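In: what's the 3D shape of this:
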Amino acid sequence: MKAHQGGDTQAALRLYPRAIAADQAAAEELFANYGALLRAESRNGEAAAVYRRGLGLHPHSLLLLRNYGNLQLQEGHALQALALFVRAEQVLPAGAKPGKREAIWRQQASALADLGFARLALGLLHPVLKQTPQDHALRMGMAELWLELGDGGRAAELAAPALNQELSGLEETFQQCNLLLRLGQPDKALQRFETAISSYRRRAGELDTKTRLKYDTTCWNFALMLLRRGLLQRGWQLFEHGRRVPNGRGGMQRTVFKLHPARLIPEWDGSPLQGKRLLINGEQGIGDVLMFTMLVEPLIGEAQAIGLVTYDRLTPLYKRSFPQCHVFDTKDFKHKRIDPADWDLQVAVGSLPMLRHPQLESYAGLKPFLKVDGATEAQFRQRFQPPGSPPLVGFSWKGGGNAKQKRTKSLSLEDFLPLFQLPGLRWISLQYGDVQEELRRFNAEHGLELLWADDVDPLRDMDRWSALVASCDLVVSAANTTIHGTGCLGLPTWVILGKDPDWRWLGDPGTPCYWYPSVQIVRQQKQGSWQQPIAELQTALGHWSRSSEHG
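Out: The predicted model follows:
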């Protein structure tokens, strides 16, 4: 613990397990501190194991129950978190310090909110607010819950004292401005945000490491909120801060495949490209690379030459889709096979929106760019859609991201069952990962004949997977890489969005997908339940199937 307190993280990571092993009755604080250190190092699985071991020795430890509950909540396991917080309240001594029980109620309310029980969460928080009416963070959090329930008037009334206070820090700034956005006051939100960060922006080069990280993180988080609400110009500008915000997995929120510094290849500022050779560096995940590449085509006719640095899995697809471009993969990146003398300018692909597409109107003319191998696509059509068979519909049901994102974006096969039972359609899985056994069991349980290609693995070969996708007549999917693939192919697609989608989608009901003209949206309206969007799709697919029969 001394090494931990002294900031020697590596020594603490070595010493904590030794101390626990040496003492069969190790103190609860030892487990709590070791778990906290592992969480700070993004080793959440190990932290969970430490908390469980500690609770085995100290089953009534308020400290371990709350810490483990917080971790479960962070990982998206809200029900398990709630159970731990309930246990924490049960073991709370009768004479506990004032505020302890209220702190546990706040944790329980957070879990309930994540489970979609906003009204129950508010019921827990109201007595807390009566005791601490000046707690502005609590007021804003409760206002968010009233917005979830569709009561903007109650939200505005509750938040008014908090929104009228002087800003005291970056976290408060973000919470205030995000709430103002949700209350339909974007101008006020932007004005307040710019006022709050102006001093940080002026002194950016002088800030200490911790303060600079807080500044960049606040700007990044607010960027995502702005993008969700269609405020693209300022959103994309603040999006640049993601290149300096850790993602918890050893990289940055925008980890760019950038080999050469700006002194060797200057950064492009969006100016005309006539006579210039532009190197476009990939970033983030496969889906993000595909999405941002939708903006590359207009640049090809303007620049003298275009280079694309992308994932190895995308290289065959990109070389076929962009024969006039120089395509580099991560092997070229790692082995330094990109000569800076060949390029006049460079840019991160995720910076293209800021430089050339700052308004929603500028996305209207985007065109799909992926070109699959025709022979492979034909083979898949012959294999899965022989003459006389019904239309082939591709599907995937699991979203990606961290544990919480996966939970809020993912459906189950059971959720899809009403769609699978529609007559006149043939279904094939496009889901990445090892899901064959899951599909076999589901087929056997429900008497279905869902198809899959056991010789296709998108985690290894996106070219072959894309050919399989292209062989479908229509795709229905959760928000994941499948959507980016179908959108870049121009394939008719329905995406099923969760109630609170990420920054890649406009958050307001009824708004379209501005990245992909071929993608239509159905939105979850009640968190935790997919019945309503599935019912909408039943109707839409029924109409589509009947029109296909007569088409």
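
In: The nearest residue to Arg234 once chain neighbours are set aside and Gln233: what is the separation?
Out: Nearest residue to Arg234, sequence neighbours excluded (Cβ to Cβ, 6 or more residues apart in numbering): Leu226, at 5.7 Å. The way it works is simple: take the backbone N, C-alpha and C, and place the C-beta from them, glycine included. Using Cβ to Cβ, to the nearest Å, Leu226 is found at 9 Å from Gln233.

In: neighbour-wise, which of the two wins?
Out: Each of Leu226 and Gln233 had its neighbours counted (other Cβ atoms under 10 Å), and the higher figure belongs to Leu226 (25 against 13).

In: my hunch is that Pro522 is in a strand, does that hold up?
Out: In this structure residue 522 is Val, not Pro. Yes. Judged by DSSP: H, G, I helix; E, B strand; the rest coil, Val522 forms part of a strand.

In: check contacts around it.
Out: Each residue near Val522 by Cβ atoms under 8 Å, 6 or more residues apart in numbering is listed here: 494-497, 533, 536-537, 540.

In: Now, those that are in helices?
Out: Of the contacts of Val522, the ones assigned to helices by DSSP state H are 533, 536-537, 540.

In: Model confidence for the nearest residue to Leu149 once chain neighbours are set aside, exactly?
Out: Of all residues not flanking Leu149 in the chain, Ala118 sits nearest, at 5.3 Å (Cβ to Cβ, 6+ apart). As predicted, Ala118 sits at a pLDDT of 93.

In: Next: His550.
Out: According to the prediction, His550 has pLDDT 44.

In: now Leu167
Out: Taking Leu167 on its own, its pLDDT is 64.

In: Kindly report the same for Gln405.
Out: For Gln405, pLDDT reads 69.

In: returning to that earlier point: which among the contacts of Val522 count as buried?
Out: The neighbour-count criterion (16 or more other Cβ atoms under 10 Å) marks 494-497, 533, 537 among the contacts of Val522 as buried.

In: what about the residue lying closest to Phe328 once chain neighbours are set aside, neighbour count?
Out: Of all residues not flanking Phe328 in the chain, Val309 sits nearest, at 4.7 Å (Cβ to Cβ, 6+ apart). By other Cβ under 10 Å, 26 other residues sit near Val309.

In: what are the phi and psi angles of Val309?
Out: phi -100, psi 120 (degrees, to the nearest 10).

In: From Gly45, how far off is it?
Out: Using Cβ to Cβ, Val309 is found at 32 Å from Gly45.

In: Also Leu55?
Out: Leu55 is 16 Å from Gly45, by Cβ to Cβ.

In: Pick out whichever of these two has more residues nearby.
Out: Ranked by neighbour count (other Cβ under 10 Å), Leu55 and Gly45 place Leu55 first, with 19 against 11.

In: hang on, the earlier thing: in terms of distance to His260, which of the contacts of Val522 ranks first?
Out: Each of these was scored against His260 by Cβ to Cβ, and Val495 proved nearest at 36.7 Å.

In: which residue sits closest to the closest one in space, ignoring its chain neighbours?
Out: Val495's closest residue in space is Ile483 (Cβ to Cβ, 6+ apart), at 4.9 Å.

In: Any regions of the chain where pLDDT drops low?
Out: 1-7, 167-168, 401-405, 548-551 (pLDDT under 70).

In: try it again with 50
Out: Of all residues in the chain, those with pLDDT under 50 make up the ranges 550.

In: hmm, back to that, which two of the buried ones among the contacts of Val522 have the greatest separation?
Out: Leu497 and Leu537 (12.0 Å).

In: how far is stretch 304-316 from where the chain is centred?
Out: 24 Å (Cα atoms, centre = their mean, to the nearest Å).
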